[in-house]
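In: Give me the fold of what follows.
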Amino acid sequence: MEEAAAAAPATAGAEPSPGAAAAAPRRLLALLGAKLCTWHIWKTIIQGQLISLFICGTAVTSQYLAEKYRVRTPMLQSFINYVLLLLVYTTMLAFRTGSDSLWQILKQRWWKYIFLGLVDVEANYVIVKAYQYTSLTSVQLLDCFGIPALMALSWFILRARYRMIHFVAVAICLLGVGAMVGADILAGRSESEGSHVVIGDVLVLLGASLYAISNVSEEYIVKNLSRVEFLGMVGLFGTIISGLQLAIVEHRELMRVQWNWEVALLFTAFALCMFALYSIMPVVMKATSATSVNLGILTSDLYSLFFGLFLFLYEFSALYIISFVIIMVGFILYISTPTRTAEPTELPQSASSGLDNAALKLEESDSDTPALTVQFTRGETVVVNTD
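Out: Below you'll find the predicted structure:
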């Protein structure tokens with residue numbers, strides 16, 4: 001026994017063998033690989049890149065309309081999308097009965113959805129408008145302001161709590177955006193055809209902030225209410241608001257459009273891509289979060305570039321591939337660890353003790369009658385028969 005006791009400290013204080021030290025990184029990589037190689041992670045990656053492709057479709061069709069046919073009608077394009085949402089999802093709400101019916105939703109939350117519809121419409125409009133005043137590089141850089149704004153809103157409104165790995169992942173994604181902007185500069189795509197750069201930059205920041213508000217609201221609604229309610233209400237009020245704005249600000253542009261089958265086909269492709277984008281994004285948000293979706297769609301500019309290599313004869317740079325890889329690494333790192341949700345604030349200890357004493361007095365008031373325990377849960381009183 002004494003020999004064993006004497007040997008124990010020596011064993012405990014011994015340095016790890018070189019084989020054990022070399023095995024530690026392998027175990028860490030194996031653990032990380034097992035964490036990432038799950039169906040949930042891959043499904044999130046696929047869905048995020050599908051959203052990016054739909055955003056790419058809207059960007060390419062808009063640019064093709066603007067460059068080849070001189071059609072610049074962002075509000076008309078948004079209006080068509082909202083009409084599709086109205087016809088599909090608002091109609092679904094109209095056929096519902098009970099508390100989830102269209103009438104009950106309007107009766108209880110109509111003013112909230114008016115605000116959300118206004119935010120969503122203007123976010124789409126001001127970002128497209130910003131391209132007329134500032135450069136592509138400025139839009140790409142300043143649009144990233146929406147990610148920290150989104151994280152801040154999620155912290156206060158959705159009570160999301162982030163870990164250090166999430167901040168590292170966001171920093172990696174933004175590094176990828178920086179590489180993409182550098183590639184644009186080297187390829188000569190950073191020049192601006194517009195003027196009043198300050199106005200354009202302000203519009204980008206405003207659009208990013210509005211998108212953050214819209215996305216946080218969307219995440220809250222799809223996780224606590226329903227996806228159909230969000231899309232139906234956005235379709236209803238988005239159609240009304242964008243229709244009014246279309247009549248006010250774009251009626252002259254509409255008169256200049258030279259309609260033919262190619263222009264109609266491009267409008268149709270834009271509307272279908274935007275409709276699919278709006279339909280799929282709530283599904284991904286419900287499974288993950290608004291922040292992870294916005295990190296995933298940072299690759300949409302790169303998809304647009306790849307299409308532009310053939311359609312608009314862009315110059316290629318290896319930095320685009322590097323930026324794509326960096327953004328995807330950051331995105332995968334972010335979704336590998338779910339965020340936490342803060343619990344509601346508990347009652348102070350003194351208040352809790354007072355409620356317990358009140359229950360105790362009620363139990364001791366009459367020993368002949370069945371004991372009653374009064375439980376207080378979030379302001380409600382529940383009486384439980386303990387016999």
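
In: Look at Val325 and say how many residues are nearby.
Out: 12 (other CB atoms under 10 Å). C-beta coordinates here come from the backbone N, C-alpha and C atoms, glycine included.

In: Spell out which helix or strand contains it, please.
Out: Using DSSP states H and E, Val325 sits within helix 318-335.

In: which is the next helix or strand following that helix?
Out: Later in the chain than helix 318-335, the nearest helix or strand by DSSP H and E is strand 340-341.

In: what about that following strand, distance to the chain center?
Out: With CA atoms, centre = their mean, to the nearest Å as the basis, strand 340-341 stands 16 Å off its chain's centre.

In: What of stretch 119-127?
Out: With CA atoms, centre = their mean, you get 15 Å for stretch 119-127.

In: any residues touching it, and which ones?
Out: The contact list for stretch 119-127 (CB atoms under 8 Å, 6 or more residues apart in numbering) reads 74-75, 78, 82, 139, 143, 203-204, 206-208, 210-211, 213-214, 217, 234, 238, 241-242, 245.

In: returning to that earlier point: could I get the buried residue list for the helix holding Val325?
Out: For helix 318-335, the neighbour count (16 or more other CB atoms under 10 Å) marks 319-320, 323-324, 326-328, 330-335 as buried.

In: and Glu67, how many neighbours?
Out: Counted with other CB under 10 Å, the neighbours of Glu67 add up to 11.

In: picking up where we left off before, average model confidence for the helix holding Val325?
Out: If you average the pLDDT over helix 318-335, you get 88.

In: where in the stretch 51-200 of the chain is pLDDT low?
Out: Applying pLDDT under 70 to the stretch 51-200 of the chain picks out residues 135-137, 187-196.

In: Mind doing that once more with 80?
Out: Applying pLDDT under 80 to the stretch 51-200 of the chain picks out residues 67, 131-143, 183-198.

In: all strands for it, in order.
Out: 160-161 (DSSP state E, counting those that start in this stretch).

In: quick one, helices of it?
Out: For the stretch 51-200 of the chain, the helices defined by DSSP state H, counting those that start in this stretch occupy 74-85, 91-94, 102-130, 136-142, 146-156, 164-187, 197-224.

In: ok, back up a step: kindly reformat the buried residues of helix 318-335 as TSV and extend each row with distance to Ala66.
Out: Below are the buried residues of helix 318-335 laid out as TSV (distance: CB to CB, whole Å):
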residue	distance to Ala66
Leu319	26
Tyr320	22
Ser323	25
Phe324	25
Ile326	30
Ile327	26
Met328	29
Gly330	31
Phe331	30
Ile332	34
Leu333	36
Tyr334	33
Ile335	34
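
In: Let me know the closest of those residues to Trp259.
Out: Of all the buried residues of helix 318-335, Tyr320 has the smallest distance to Trp259: 35.5 Å, by CB to CB.

In: Could you pull up the contacting residues of the spatially closest residue to the closest one that is not a sequence neighbour?
Out: Excluding its sequence neighbours, the residue lying closest to Tyr320 (CB to CB, 6 or more residues apart in numbering) is Ala183, at 4.9 Å. Residues near Ala183 by CB under 8 Å, 6+ apart: 317, 319-320, 323.

In: Thanks again, I'm all set now.
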